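Novice: After the sequence you'll find the predicted model.
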Amino acid sequence: MSTANKITIIQYPKCSTCKAAVKSLKEKGNEVVLRDINEDTPTAAELKALLELGGFELKKLFNTSGEVYRELGLKDKLASMSENEKLELLSQHGMLIKRPIATDGKQVTIGYKEEQYADVWGKL
């Protein structure tokens with residue numbers, strides 16, 4: 001059996017999905033480091049690095065069902081924004097970022113689905 005991995009979860013503490021993700025990781029024996037998405041919002045450079053590490057498209061980082069997304073009218077604005085503008089916007093509004101983001105520095109997951117966590121974090 002492999003040793004437990006140290007996984008950082010960028011999350012919103014009151015989010016039930018984030019809580020489920022943390023619980024899932026701990027149950028699999030991983031060491032979890034919690035990072036509050038509002039108090040310690042990832043920088044644009046961090047977000048870009050996470051996207052590259054995970055091979056994700058930038059649009060996957062947006063919490064499209066959140067209040068901030070609607071308040072800022074981003075559904076209509078994102079298409080005309082540059083990648084840097086989008087990353088800056090995300091780094092300024094933690095609640096705009098889809099969560100949780102989990103990373104051990106080698107892999108990244110965005111959002112939480114039990115099957116995905118089992119695939120990525122369950123067999124470490």
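Specialist: Alright, I've got the coordinates.
Novice: Got phi/psi on residue 101?
Specialist: Phi and psi for residue 101, reported as degrees, to the nearest 10, are phi -110, psi 120.
Novice: Quick check, it in contact with residue 9.
Specialist: Yes - between residue 101 and residue 9 there is a contact under Cβ atoms under 8 Å: 7.3 Å. Where C-beta positions appear, they are placed from N, C-alpha and C, glycine not excepted.
Novice: Neighbour count for those two, which is higher?
Specialist: Per other Cβ atoms under 10 Å, whichever of residue 101 and residue 9 has more neighbours is residue 101, with 25 against 21.
Novice: can you pull the contacts of the nearest residue to that one once chain neighbours are set aside?
Specialist: Using Cβ to Cβ, 6 or more residues apart in numbering and skipping residues adjacent in sequence, the residue nearest residue 101 is residue 10, 4.2 Å away. Residue 10 makes contact with 35, 37, 40, 42, 97, 99, 100, 101, 102, 103, according to Cβ atoms under 8 Å, 6 or more residues apart in numbering.
Novice: who's the fifth one bridged to?
Specialist: Translated: residue 97. residue 62 (DSSP bridges).
Novice: Equivalent analysis for the last one, please.
Specialist: Per DSSP bridges, the residues bridged to residue 103 are residue 8, residue 108.
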